[in-house]
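Colleague: Structure of the sequence below:
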Amino acid sequence: MNRNWGLYILFLGLILVVVGIIIYFFHDKLGWIGRLPGDIRVERPGFRLYIPIATMLLASVVLSVVLWLIRRMG
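Modeller: As a prediction, the model looks like this:
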């Protein structure tokens, strides 16, 4: 294992800490996550179905851009 792997893991850890801090302090402002148009939500007595299609597409695009930027820098 080379030194770059250690830097990648460190960078990923820092990103997770920053995301955790943002969610902890701004959770009331992030209520739109999971309620995007395209997210399927069915709630009935005794039954709840939630399929976050649009939220997962958004997360996938953001993660792809972040990984692309990391590869460009390295």
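
Colleague: distance of L12 from V61?
Modeller: 18 Å (C-beta to C-beta, to the nearest Å). Placement of C-beta: from N, CA and C, glycine included.

Colleague: The most centrally placed residue in the chain: what secondary structure?
Modeller: Centroid-nearest residue in the chain: A59, 4.9 Å away (criterion: C-alpha atoms, centre = their mean). Secondary structure state of A59, per DSSP: H, G, I helix; E, B strand; the rest coil, is helix.

Colleague: ok, it - contacts?
Modeller: Counting by C-beta atoms under 8 Å, 6 or more residues apart in numbering, A59 touches no other residue.

Colleague: how about the strands of this structure, start to end?
Modeller: 40-44, 47-51 (DSSP state E).

Colleague: Poorly predicted segments of the chain, please.
Modeller: For the chain, the stretches flagged by pLDDT under 70 are 1, 74.

Colleague: Show me which helix runs longest in it.
Modeller: helix 3-26 (DSSP state H).

Colleague: got the CA coordinates for that helix in CSV?
Modeller: Only the C-alpha atoms of helix 3-26 are listed here, as CSV (Å, rounded to 0.1, in the frame of the first residue of the first chain):
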residue,chain,number,x,y,z
ARG,A,3,1.2,6.8,0.7
ASN,A,4,-1.6,8.0,-1.6
TRP,A,5,-4.0,5.4,-0.1
GLY,A,6,-3.4,6.9,3.3
LEU,A,7,-4.1,10.4,2.0
TYR,A,8,-7.3,9.2,0.3
ILE,A,9,-8.6,7.6,3.5
LEU,A,10,-7.7,10.7,5.5
PHE,A,11,-9.5,12.9,3.0
LEU,A,12,-12.5,10.7,3.0
GLY,A,13,-12.6,10.8,6.8
LEU,A,14,-12.4,14.6,6.8
ILE,A,15,-15.3,14.8,4.3
LEU,A,16,-17.4,12.5,6.6
VAL,A,17,-16.6,14.7,9.6
VAL,A,18,-17.6,17.9,7.7
VAL,A,19,-20.8,16.2,6.4
GLY,A,20,-21.6,15.0,9.9
ILE,A,21,-21.1,18.5,11.4
ILE,A,22,-23.3,20.1,8.7
ILE,A,23,-26.1,17.5,9.4
TYR,A,24,-25.8,18.0,13.1
PHE,A,25,-26.0,21.8,13.1
PHE,A,26,-28.3,22.3,10.1
